[in-house]
Structure formats: C-alpha cells, structure tokens
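Colleague: Give me the fold of what follows.
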Amino acid sequence: MIVAFSVSPIGAGEDVGEYVADAVRVVRESGLPNRTDAMFTSVEGEWDEVMDVVKRAVAAVEARCGRVSLVLKADIRQGVTGGLTSKVETVERYLAEGGSGAGASS
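Modeller: Numbers count the residues shown, from 1 in each chain. Just a heads-up that it's a prediction; the model follows:
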C-alpha cells in the first residue's frame, strides 16, 4: 500500500517547516520507501507498518504542539510493491510517447 499524508501543527503560525521536518524524519528513519514533496510525504509498505509510521510522525509533531491536522490518502492494493516509483514511471512513459493517454491508468 502507498499512503500519502500531510501532518501540520495547528496554532503554530505560518512557519511550520521545523514541525514538518520532525514528521519526515520519522518516515525516513523507518526504512520504508518514501518520497516527500511540497504538499505530502508518501510512504510504501504493509498496512500495519505504514500506519505505525504515520502514527509516530503525528506524535512527533504533537509532542511540540498540542493540536495536529492530518490529511491522509491511501492506495491499498494487495501484492503490489514498488508502486511509489512505478506509478510515476508509467505517467512519464505516456508523456514521452506523446500520446493523449486517454483511459490509461497507472
């Protein structure tokens, strides 16, 4: 499964990068495949291990700020690994081919 999530402190003002870094550090130290962009951190693995990482990332932010916002989206697909990169590679392949890609899925 792949989970994309965003965790943010509430009431900490506009500069939340330090709090977000605490959450991302937890993800990176987990050893699971992950990717961070401007809006979300994605992590890939089995249900229990991914949800444990999300829970610990939230706790890392919550430890410094009493209220936390969590946005989470999950792609639950049994037997699939490497989806974190293969989904992007599929889109890039369609872009390189120059076709419309109508009806294609990754």
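
Colleague: Which residue is the nearest non-sequential neighbour of Ala12?
Modeller: The shortest distance from Ala12 to any non-neighbouring residue, by C-beta to C-beta, 6 or more residues apart in numbering, is to Cys65 (5.1 Å). (Glycine included, C-beta is placed from N, CA and C.)

Colleague: I meant Ala23, not that one.
Modeller: Distances taken as C-beta to C-beta, 6+ apart place Ala57 nearest to Ala23, at 3.9 Å, with adjacent residues excluded.

Colleague: picking that back up, mind checking pLDDT for the residue nearest to Ala12?
Modeller: As predicted, Cys65 sits at a pLDDT of 92.

Colleague: for Ser100, same thing?
Modeller: Looking at Ser100, its pLDDT is 66.

Colleague: picking up where we left off before, how close does the residue nearest to Ala23 sit to Val50?
Modeller: Ala57 sits 11 Å away from Val50, going by C-beta to C-beta, to the nearest Å.

Colleague: Which of the three states applies to Phe5?
Modeller: Secondary structure assignment for Phe5 (DSSP: H, G, I helix; E, B strand; the rest coil): strand.

Colleague: In this structure it contacts Ala57, no?
Modeller: Yes: counting by C-beta atoms under 8 Å, Ala57 is a contact partner of Phe5 at 7.5 Å.

Colleague: Could you check which of these two is surrounded by more residues?
Modeller: Neighbours were counted for Phe5 and for Ala57 using other C-beta atoms under 10 Å; Ala57 has more, 24 against 20.

Colleague: before we move on, which element is Ala74 in?
Modeller: Per DSSP states H and E, Ala74 falls inside strand 68-75.

Colleague: Quick test: name the residue nearest the centre of the chain.
Modeller: Ser42 (1.9 Å; C-alpha atoms, centre = their mean).

Colleague: hey, where'd the strands end up in the chain?
Modeller: Secondary structure of the chain (DSSP state E): strands at 2-9, 34-36, 41-44, 68-75.
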